[in-house]
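*Asks:* Need coordinates for the following:
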Amino acid sequence: MEVLDTLSSALVNGLMSALMVVVNLLPDTLSDAFQYRFMQRALLTSVMVGAICGLLSCYVVLKRWSLLGDAISHAVLPGVAIAYLLGWPFFIGAFITGALTSIGIGAIERHTRIKSDAAMGLMFTGAFALGIVIISKIASSTHLMHILFGNVLGVRESALVLTLVASVIALLVVWLCFRPLLLYAFDPQQAQALGFNTSVIHYGLILLLTLTIVASLETVGIILVVAMLITPGATAHLLTDRFRTMMLISVAVGVSSAVIGLWLSAALDVASGGTIVLVATGWFFAALVFSPRHGVLARQWRRWRLG
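*Replies:* Below you'll find the model as predicted:
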């Protein structure tokens, strides 16, 4: 265990040093905020969360899984509460309850007359209510606020390592399974016809989303992680019709939102998680207005030329 702790600390220190090389190239007015150790941990964690949420956001948007992301993010709350009660790491309880809720949604949808949207609503509201009831008995409101809205400025090294591991896993899965995931996102029937097990892909992608949400728990919180899983992909979808380009733009939006939002939260002394999401939302509305092909101005220009 001590060897693993030493290796993880060395890895985190190396990543933060490399990140600070880039940060120190910025003007002093921007880089000064990141000279403190806790800000460097927050920056590294935010960058990883922005990148991995941006990557998976493309699948969430294309599969129209926005409500599913919302359901999973709310469903991890009772797991967090139970893990707190038993003295376990938050990750274990959150991942177990998130995975169980995801499987439960699929089971209700496949074996009853209830449709997917109703199944999601039933499961996530029930799980979220259970989590609130448990937390009201065992923890203070401060713990609830951190779980719901994140506390990236106070992120611990263990949470940073967890985020790093989740990011590496997600990147490897997307890289190794790029073709089946791509086919499943656009045409599940064709993917099945080509011999891919769409059920495995479906639940595997859901578990990957669950892992990402749990890893983002201490950064932007349960509620705001939904926005980070939707907004970057939606922004990229307005800017391109090519999937690979969409993924690159989505990751760029997620990372830039994390960096700019964290700096603004320090400069303005406001909540970091909310500021990160507001920056991402700003990118979305900029794309909505100025996108060369799908933006409001471009559509108005085409109508003016035709009319």
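
*Asks:* can you tell me which helix or strand the spatially closest residue to residue 280 that is not a sequence neighbour belongs to?
*Replies:* Nearest in space to residue 280, with sequence neighbours left out and distances taken as Cβ to Cβ, 6 or more residues apart in numbering, is residue 257 at 3.8 Å. For the C-beta atoms, the positions are set from N, CA and C on the backbone; glycine is no exception. According to DSSP states H and E, residue 257 maps onto helix 243-268.

*Asks:* Let me know the average pLDDT across stretch 131-144.
*Replies:* If you average the pLDDT over stretch 131-144, you get 67.

*Asks:* Report the next helix or strand after the helix or strand harbouring residue 39 in sequence order.
*Replies:* Using DSSP H and E, residue 39 sits in helix 37-62. Beyond helix 37-62 on the C-terminal side, the first helix or strand identified by DSSP H and E is helix 66-86.

*Asks:* tell me which residues in that following helix are buried?
*Replies:* By 16 or more other Cβ atoms under 10 Å, the buried positions in helix 66-86 come out as 66-84.

*Asks:* for the stretch 51-200 of the chain, what are the low-confidence residue spans?
*Replies:* For the stretch 51-200 of the chain, the stretches with pLDDT under 70 are 138-150.

*Asks:* how does it look with 90?
*Replies:* 60, 62-168, 170, 177, 179, 182-200 (pLDDT under 90).

*Asks:* So which elements touch the helix holding residue 39?
*Replies:* On a contact count with 3 or more Cβ pairs under 8 Å, 6 or more residues apart in numbering; DSSP states H and E, helix 37-62 meets helix 2-23, helix 66-86, helix 157-176, helix 178-186, helix 198-215, helix 221-239, helix 243-268, helix 272-290.

*Asks:* Taking helix 272-290 as reference, get the angle to it.
*Replies:* 40 degrees (axes from the mean of the first three to the mean of the last three Cα atoms, to 10 degrees).

*Asks:* Would you indicate which residues of helix 37-62 are buried?
*Replies:* 39-62.

*Asks:* what about that helix, distance to the chain center?
*Replies:* Chain-centre distance of helix 37-62: 6 Å, with Cα atoms, centre = their mean, to the nearest Å.

*Asks:* Same check on stretch 165-184?
*Replies:* The answer for stretch 165-184 is 15 Å, by Cα atoms, centre = their mean.

*Asks:* Please spell out which residues along that stretch are buried.
*Replies:* Those would be 166-167, 170, 173-174, 177, 180-184, for stretch 165-184 by 16+ other Cβ under 10 Å.

*Asks:* Closest to residue 221 out of those residues?
*Replies:* Using Cβ to Cβ, residue 166 comes nearest to residue 221 of the buried residues of stretch 165-184, at 15.8 Å.

*Asks:* Tell me how far the closest one lies from residue 92.
*Replies:* Distance from residue 166 to residue 92, counting by Cβ to Cβ, to the nearest Å: 13 Å.

*Asks:* again with residue 296
*Replies:* To residue 92, residue 296 is 46 Å away according to Cβ to Cβ.

*Asks:* between those two, who's got more neighbours?
*Replies:* The residue with more neighbours, out of residue 296 and residue 92, is residue 92; 15 against 12, by other Cβ atoms under 10 Å.

*Asks:* Report the secondary structure element holding the more buried one.
*Replies:* For residue 92, the element it lies in under DSSP H and E is helix 90-111.

*Asks:* Among the buried residues of stretch 165-184, which one sits closest to residue 238?
*Replies:* Of all those, residue 182 has the smallest distance to residue 238: 19.7 Å, by Cβ to Cβ.

*Asks:* from memory the closest one sits against residue 243, does it?
*Replies:* Yes: the criterion here is Cβ atoms under 8 Å, and residue 182 meets it with residue 243 at 6.3 Å.

*Asks:* Not counting its neighbours along the chain, what's nearest the most centrally placed residue in the chain?
*Replies:* Closest to where the C-alpha atoms of the chain average out (Cα atoms, centre = their mean) is residue 53, at 3.5 Å. With sequence-adjacent residues excluded and distances taken as Cβ to Cβ, 6+ apart, residue 53 is closest to residue 228, at 4.1 Å.

*Asks:* Please report how far the one you found lies from residue 176.
*Replies:* 24 Å.

*Asks:* hmm, back to that, which helices and strands sit right next to the helix holding residue 257?
*Replies:* For helix 243-268, the elements it packs on are helix 37-62, helix 178-186, helix 221-239, helix 272-290, judged by 3+ Cβ pairs under 8 Å, 6+ apart.

*Asks:* could you dump those to a markdown table with distance to residue 156?
*Replies:* Output for the helices and strands packed on helix 243-268, formatted as a markdown table (distance: least, Cβ to Cβ, whole Å):
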| stretch | distance to residue 156 |
| --- | --- |
| helix 37-62 | 8 |
| helix 178-186 | 32 |
| helix 221-239 | 15 |
| helix 272-290 | 15 |
